[in-house]
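Trainee: Predicted model, plus sequence, below.
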Amino acid sequence: MKLYAIHGGGERADMAAFNPFDEKVGTKVDIPFFFYVIEHPKGLVLFDTGGHPDLFENPRARLGDAADAWEVTGVAGDDVVSKLNQMNLKPKDIERVVQSHLHYDHAGGLEFFKHATIYVQKSELEFAYSPPVYQRDLYIRADFDHELEWMQVDGDHDIFGDGRLVLFPTPGHTRGHQSMLVKLDTQNIILVADAAYLPKNIEQRLLTAVVWSPDAMVASWDRIDEIRARENASLIFTHDLEWPDKTRLAPKEWYQ
């Protein structure tokens, strides 16, 4: 098995998004977007689908006023189809897609996977269609309102039944957020997604700015800590600001 971390552009926002009480609040930081391909003996699995191509071509047309808070820095070619092409892959090569949640920076490529099974927590799909006012700008219905083959998961789910790719709910950032345990041949990894933005969010129990439930978020961190200790797993964060120094970047490098 192999896990590929694919950089798909990003955006610029205030450090307050990561921790409203950080000493660097007022400073703009460059936030990466990532999605991941996992090679499993039974097929390829894509974890998240990044931003829609239109997000990088005309952010304001895609996001509306939210473009003021989340300044998109990605460019044409940062979308999932283009990035897969760099790995000599096409969307049709992937039969299973896991969505951590359905915010625009994670779910923009769904329309290119109408042939695939899309794994999402049932509560996340419900939440996306009727989000609270404080998250309304983060859900773009054009991202996920398609005729897709949804696999609505309710709780933990072992994709292949062999313990190698296991979804588990990590609500807090959104009501139906989920993370995934990946058991490779030589190491175990948890794809945290947005259950936390940075390692120190979990380590120091520092809440991020985009939160559905603080209590649920902290409980999810407890669950992540428990799985990490039990499985001796490392954590990969989708929006880790230190990614250039930490990430084995596809297509030249991978985790196995």
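Mentor: All right, it came through fine.
Trainee: From Val81, how far out is the nearest residue to Ile159 once chain neighbours are set aside?
Mentor: Excluding its sequence neighbours, the residue lying closest to Ile159 (CB to CB, 6 or more residues apart in numbering) is Leu165, at 4.3 Å. Any C-beta I mention is one placed from the backbone N, CA and C, and that applies to glycine too. According to CB to CB, to the nearest Å, Leu165 stands 23 Å off from Val81.
Trainee: so where do the helices sit in the stretch 151-256 of the chain?
Mentor: With helices called from DSSP state H, counting those that start in this stretch, the stretch 151-256 of the chain shows them at 199-203, 214-231, 243-246.
Trainee: Contacts only, for Pro251.
Mentor: By CB atoms under 8 Å, 6 or more residues apart in numbering, the contact set of Pro251 is 4, 86-87.
Trainee: the more surrounded of Leu165 and Val81?
Mentor: Counted by other CB atoms under 10 Å, Leu165 and Val81 do not tie: Leu165 has more neighbours, with 25 against 17.
Trainee: residues touching the more buried one, list them.
Mentor: Counting by CB under 8 Å, 6+ apart, Leu165 touches 38, 40, 45, 158-159, 180-183.
Trainee: Show me these that map onto strands.
Mentor: Residues of these located in strands (DSSP state E): 38, 40, 45, 158, 180-183.
Trainee: So what touches stretch 6-14?
Mentor: Contact partners of stretch 6-14, identified using CB under 8 Å, 6+ apart, comprise 25-37, 50-51, 56, 69-75, 78-80, 83-84, 87, 105, 243, 247, 249-250.
Trainee: mind running it again at 7 Å?
Mentor: Residues outside stretch 6-14 that contact it (CB atoms under 7 Å, 6 or more residues apart in numbering): 25-26, 28-37, 50-51, 56, 69-75, 78-80, 83, 249-250.
Trainee: Then stretch 169-179?
Mentor: Taking contacts as CB under 7 Å, 6+ apart, the residues outside stretch 169-179 that touch it are 100-101, 121-125, 127, 155, 167-168, 190-195, 210-213, 216-217, 220, 223-224.
Trainee: are any of the residues you listed buried, and which?
Mentor: By neighbour count, with 16 or more other CB atoms under 10 Å, these hold 100-101, 121, 123-125, 127, 167-168, 190-195, 210, 212, 216-217, 220, 224 as buried.
Trainee: Now, those residues that are in strands?
Mentor: Cross-referencing the buried ones among the contacts of stretch 169-179 against strands under DSSP E gives 121, 167-168, 190-193.
Trainee: could I get those as a markdown table with distance to Trp150 and pLDDT?
Mentor: Putting these into a markdown table (distance: CB to CB, whole Å; pLDDT from 0 to 100) gives the following:
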| residue | distance to Trp150 | pLDDT |
| --- | --- | --- |
| Gln121 | 11 | 98 |
| Leu167 | 14 | 98 |
| Phe168 | 18 | 98 |
| Ile190 | 24 | 98 |
| Leu191 | 20 | 98 |
| Val192 | 23 | 98 |
| Ala193 | 18 | 98 |
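Trainee: Would you point out the most distant pair within those residues?
Mentor: Greatest spacing in those, by CB to CB: Gln121 and Ile190 (16.2 Å).
Trainee: what's the distance between the residue nearest to Ile159 and Asp156?
Mentor: 12 Å.
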